[in-house]
Structures are given as structure tokens and as C-alpha cells.
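1. Fold the following.
(2 chains)
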Amino acid sequence: MNVTSAIIRLLLFPGVLFAVPAAWLFLWLERKSVALMQQRIGPPFMQPCFDFVKLMGKSTPPRQGVNGLLMRSWPILAVGSSIGALALLPVFVHFDGFAGDLILFLALLELPPFFVIAAGYTSGSLFGEIGSVREAVLSISYSAVFVTAVLAIAVSQHSFRLQDLAEAPFSPLRVVGVLAILVCIPAKLHINPFSLSNAEQEIYAGPMTEYAGPELALWEISHGLEWVTMTGLVAGLVLPRTGFWAADALLFVAISLGIVLLLSGVAAATARLTIDAATRFYWRCGLVAMVLAATSILFMRSAL
Amino acid sequence: MNAGSCNGCDIEFVASLTPSYDVEQLGILVQGSPRHADILCITGPVTHNTKKAIQTVYGQVCNPKAVVAIGSCPASTNAFIGSPMVDGPLNRHIPVDVFVPGCPPRPDAIVEGIAKAAQIVAERRCQPASGEGNSASEEQAQ
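-> Modelled structure (predicted):
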């Protein structure tokens, strides 16, 4: 990956120029599909974009007793790491990824939850701190499953390059790993039944409680970008390669949208779990998925 | 926000958030934190105990913002007029943009009041853009 292609990936596709409108589309699709499932009409198509413009035009409150610079930097860092992770996604064949990009990808994916936790503590709000604690406990629980599932798929292909994982021929054993990743996505995206950290009306808005205006807009974008990255990761892993770039891109978007609908369905059909139930879920059920994913490597490796 | 209301308006307010009225089609969302909100909805005749809280929460909503007074109580203190516990009406303490009178008002009247407040917020913006009237968030902290 040379500098030019890295910049194109970061700024054009699948970076900023694609990802920000895609983030708005995904956020709208989630809200709209939940509304339709509840027999409502739901928000207008441009609503997430309007909200972003609206928040950018709002004032930021004066802060006393908290570190303003830190407060401002967390959402910027979260957006930066989400875009970085997105740029590494293997949408096209032969994009010249570098050896070990999977490790960077995982690290960049783990950063936004860390920034959310830090933001909650920096804000000095009681609700922010409760949200941060919940986010920390939850992220420890699902990260074990998530990282093992991704690494299991990587080890089965003897490679830490996302490109190799995406290009590998489809195997039914990989489904186990992909399912384990899917189980972690609701917790990573803070949607029901794992919307504990930003539990609205319960602890106001969790770590985001003290954020307003442009900073909140950046958090919204970061959340949308996480949607695009996580669905993109699953889409990249299950994408059948046609060999034609436009068909690949279309399929990639179609599978991503399908996953958004699936997750929205789960979110609409479930209620918020308590923190101990959510943690127990990941340490028990998630652990089973983790062990299955790890076992499937052995079979895949012996099949290779 | 409840400023000493009898809960009648609050019940109607919650009814206006149900799927049958679907305020989300106007882009209205209930926000937990006043920092995220544009429009502050207040019910009740403003008692001495709630005065400070109203001013604090009003100060926490970032500009541009609007206030909707739901029910007859915040408009005129209604049945509680002359009570030693009441320090209303609401516009003695904070500027009110939209009054939704009624004891209690119907949910569709509340939704219309919030939609009007959203237009007021859109007009107050530094850089007005088309369609922004839809993007109102609404705050209710009880």
C-alpha cells in the first residue's frame, strides 16, 4: 500500500467520502426499520444528515472543573480511529494491504469504546461515569469473543492480512466465526439488548451526557462509522468474489444493508438487559461461540 | 420537565410519544440529557421547589433553543392561582416560546406545539438551512 492508495482509501472509498453518507444511511435505515416494525412511519430519509448539520450549528456549553481540551479531543480521536479501521476494509481484491493489517484493524476497532470510556470519566458527570463503567465491563466481555473469532478466521488462513481472509474460498466452518462476530456487534454498537452504556432515560445518555453541539455531532458520526465498519467486516468476510469491482462493491453494500436490517430487527424485538445478564451472556454463550470458532480452525487447518 | 404538575399533562405528553402519534416522523426524539436537546417541554404551575431546577435545566440546553409550556398551569397557574406554594406563571422565570393550553391538552396539540417550537429553533439558527425545522430534539426530565 503506497501513500497515494492509502490516502484514496482513507478519503474516498471506503473512507470518508463513502463512509459518512453510508453512516447516515445506516443510522436512518436502523431508525426507519425499527419504526416500521412498530407500525410507525419513522424519520425522514435525510434526518441523520439534518441532525448532524443542526448539531454543528449549536453552541458548546461553558465547562467548569473539567479538562475542555480532553473533552474536545475524544470525539475527534474516535472518528479518526473509526475511519482508519474503515480504510483497511477489504472491499476490492488486490488492494495491496500490508502484512499484519488485521492487527491494526482490530486495534483501531477497539479504540472507540476506549475513547467513550475516557469521555465519560473526563466529563465528571455521575451518569457519564456509570455509563463508562458499564461500557468497560461490557467491552471486556465481548472483546474476548470478538477478538478470538476474528483471530480464529485469521489463523485458519495462516495470515494476518485482511485481504487474504477476504479472498479465501468460502467454507462452512467460517460461518461459526462470522456468527461469533455477529453476536458481538450489538454490544459494540450499543444497540438493544446491549444498549447499557448509553441507556437513554435510564442514565440519561451515559458517557455522552455532557456532550453538546459539534462534539456530539462527531460522536454521532463516530457511531455511524462503527456501524459501517462492523457491518463491512462481516460483509467482507462472507462476500463472494465476482472478480468485477463494481459487482463486488454493490454486493458489499447489499450485504452490509442486510446486516443492518438484521441488527435492527434484533434491537426492535429485544429489551435492554441488565449489566450482569449482559456480561453473563458473553461469558457463557459467547464463550461457547468462541470455543466453537477456535475448534473450527483445527478442522479448517487440517482441510487446507 | 415537571414543575409541580398534577401529572395530567405528563400522562398526555407520554401518550404523544406513543407509536400512534409517531413524533419521529417529524424528526422529534426524546433526549435524556438537556445538553442534547433543542426544545424544553415544561408542565406544571412552577412551585418554589422547582424554580431553581427549571433555571438550571434551561441553562443546560445549548443555543439555539425553545421552550414549550404544556397545559394551562405554566401559562396562568390555572387552578393553583394564589397558592403560597406556587411562583408561576412560567414566563416569569424563563422565556417561553409556545404555549399549549388545555387541562390537560390533547397529545396532537402537544405535537403541534413542539413542531412550532422546532420552526422557531430553525429560525434562530446562525446559518439557516432548508429542512432543519424537522430536526428537533425534545427533552423531558422528570
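
2. which strands and helices sit next to the biggest helix by length in chain B?
-> If you go by DSSP state H, chain B has its longest helix at helix B:107-124. Identification of packing neighbours for helix B:107-124 by 3 or more Cβ pairs under 8 Å, 6 or more residues apart in numbering or on different chains; DSSP states H and E yields helix B:8-16, strand B:39-43, strand B:66-70, strand B:98-100. No exception for glycine: its C-beta is placed from N, CA and C like everyone else's.

3. can you put those in JSON lines and add mean neighbour count and distance to chain A?
-> JSON lines is the format used below for the helices and strands packed on helix B:107-124 (neighbours: other Cβ atoms under 10 Å in any protein chain shown; distance: least, Cβ to the nearest Cβ, whole Å):
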{"stretch": "helix B:8-16", "mean neighbour count": "20", "distance to chain A": "11"}
{"stretch": "strand B:39-43", "mean neighbour count": "27", "distance to chain A": "12"}
{"stretch": "strand B:66-70", "mean neighbour count": "27", "distance to chain A": "13"}
{"stretch": "strand B:98-100", "mean neighbour count": "23", "distance to chain A": "18"}
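
4. Any chance of TSV for the ones you listed, columns distance to B:D108?
-> Below are the helices and strands packed on helix B:107-124 laid out as TSV (distance: least, Cβ to Cβ, whole Å):
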stretch	distance to B:D108
helix B:8-16	7
strand B:39-43	15
strand B:66-70	13
strand B:98-100	10
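
5. Lowest average confidence across helices and strands of chain B, where is it?
-> The weakest-scoring helix or strand in chain B, judged by mean pLDDT, DSSP states H and E, is strand B:137-139 (a mean of 44).

6. quick revisit: and the helices and strands packed on helix B:107-124 as JSON lines, adding mean pLDDT?
-> Formatted as JSON lines, these follow (pLDDT from 0 to 100):
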{"stretch": "helix B:8-16", "mean pLDDT": "92"}
{"stretch": "strand B:39-43", "mean pLDDT": "93"}
{"stretch": "strand B:66-70", "mean pLDDT": "93"}
{"stretch": "strand B:98-100", "mean pLDDT": "94"}
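
7. Which among the ones you listed is found nearest to A:L216?
-> A:L216 lies closest to strand B:39-43 among the helices and strands packed on helix B:107-124, at 15.7 Å (Cβ to Cβ).

8. For that closest one, name the packing helices and strands.
-> Against strand B:39-43 (3+ Cβ pairs under 8 Å, 6+ apart) you get helix B:8-16, helix B:48-60, strand B:66-70, helix B:72-76, helix B:107-124, strand B:137-139.

9. Of the ones you listed, flag the one that's most buried.
-> strand B:66-70 (a mean of 27; mean count of other Cβ atoms under 10 Å in any protein chain shown).

10. Once you drop chain neighbours, what's closest to the residue nearest the centre of chain B?
-> With distances taken as Cα atoms, centre = their mean, B:C41 lies nearest the centre of chain B, 1.4 Å away. Of all residues not flanking B:C41 in the chain, B:V68 sits nearest, at 4.8 Å (Cβ to Cβ, 6 or more residues apart in numbering or on different chains).

11. So what pairs up with the one you found in the strands?
-> With DSSP bridges applied, B:V68 shows beta-bridge pairing to B:C41, B:V98.

12. contacting residues for it?
-> The contact partners of B:V68, by Cβ atoms under 8 Å, 6 or more residues apart in numbering or on different chains, come to B:39-42, B:96-100, B:110, B:113-114, B:117.

13. of all the helices and strands packed on strand B:39-43, which lies closest to A:G57?
-> Nearest of the helices and strands packed on strand B:39-43 (Cβ to Cβ): helix B:107-124, 9.9 Å.

14. what about the strands in chain A?
-> When secondary structure is read from DSSP state E, chain A shows no strands.

15. And for A:I7, the neighbour number?
-> Residues within reach of A:I7, counting by other Cβ atoms under 10 Å in any protein chain shown, total 12.

16. Relative to chain B, how far out is it?
-> Distance, A:I7 to chain B, by Cβ to the nearest Cβ, to the nearest Å: 30 Å.

17. Okay, now the unreliable bits of chain A?
-> A:1, A:91-100, A:300-304 (pLDDT under 70).

18. which residues of chain A fall in helices?
-> Using DSSP H, helices in chain A cover A:3-11, A:16-37, A:47-56, A:68-87, A:101-123, A:126-156, A:162-167, A:172-188, A:213-238, A:245-269, A:275-281, A:287-303.

19. next one: phi and psi at B:Q31?
-> phi -110, psi 140 (degrees, to the nearest 10).

20. Quick check: it touching A:Q201?
-> No: between B:Q31 and A:Q201 there is no contact under Cβ atoms under 8 Å: 9.3 Å.

21. okay, the two: which has more neighbours?
-> Set B:Q31 next to A:Q201 and count neighbours by other Cβ under 10 Å: B:Q31 wins out with 21 against 12.

22. The more buried one pairs with what?
-> Those that pair with B:Q31 in a beta bridge, by DSSP bridges, are B:E139.

23. Against A:V260, how distant is it?
-> B:Q31 sits 23 Å away from A:V260, going by Cβ to Cβ, to the nearest Å.

24. that older thread, to A:L196, which of the helices of chain A lies closest?
-> Taking Cβ to Cβ, helix A:126-156 is the member of the helices of chain A nearest to A:L196, at 4.5 Å.
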